[in-house]
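Undergrad: I would like to see how this sequence folds:
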Amino acid sequence: MVPRLGKPGIKWLRLYKRGVANYRVKQAIKAYQNDHVNVIAKEMAAMRSFQNWHMGGNGWIDIGYHEVVFPSGHVYLARAWDTYGAHAYNGNSMPGFCIAGDYQKYRPTKEALASLKQRMAFHGVTHLTGHYKVPGNSTNCPGQYLKEAMGV
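TA: Okay, the predicted model is just below:
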């Protein structure tokens, strides 16, 4: 796996825009920009896959969750907020946030957690209930590491 360089600092972006950045800075900035575009393309493909499974496989009107948060911190609207969710048997009157990933194996990113908390505040949601706490659901969701991070 190739390590990601992270977002270039403002100083380097200014040099790049003025055309005076050296070759290594230019390469790093181009790599970051390409990586960022690839992440969004992958997330959008994942959203289409989620939607196809939920709508085609289950016959629902859209993705069961209201919003989907990716490890990058990007948030995508799934189901309209004025409709009931289809995300947890016996729990669909609650807001549905999906945090994409396997949190039984991996820790959530700080970007995903920050975006989730921001979206919860925006919608006036003060706490989350994991699938495993909703009666009739037999699951580990949201996974041990997200449970720890969010206190659910």
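
Undergrad: the helices in the chain, which residues?
TA: 10-18, 23-52, 58, 110-123, 144-150 (DSSP state H).

Undergrad: if you average pLDDT per helix and strand, which one of the protein comes out bottom?
TA: Every helix and strand of the chain was ranked by mean pLDDT, DSSP states H and E. The lowest is helix 10-18, at a mean of 62.

Undergrad: how close does residue 44 sit to residue 83?
TA: 22 Å (CB to CB, to the nearest Å). For the C-beta atoms, the positions are set from N, CA and C on the backbone; glycine is no exception.

Undergrad: whoops, residue 129 was the one
TA: 19 Å.

Undergrad: ok, now how distant is residue 60 from residue 67?
TA: Distance from residue 60 to residue 67, by CB to CB: 16 Å.

Undergrad: between the two, which has more neighbouring residues?
TA: Set side by side, residue 60 and residue 67 show more neighbours around residue 67, with 22 against 16, by other CB atoms under 10 Å.

Undergrad: could you list the low-pLDDT ranges of this protein?
TA: Residues of the chain meeting the criterion pLDDT under 70: 1-37, 86-93, 130-140, 152.

Undergrad: what about 50?
TA: Within the chain, the segments meeting pLDDT under 50 span 1-5.

Undergrad: can you pull the buried residues of stretch 70-77?
TA: 70, 71, 72, 74, 75, 76 (16 or more other CB atoms under 10 Å).

Undergrad: so what touches it?
TA: Contact with stretch 70-77 is made by 39-40, 43, 46-47, 66-69, 100-101, 108-109, 111-112, 114-115, 119, as judged by CB atoms under 8 Å, 6 or more residues apart in numbering.
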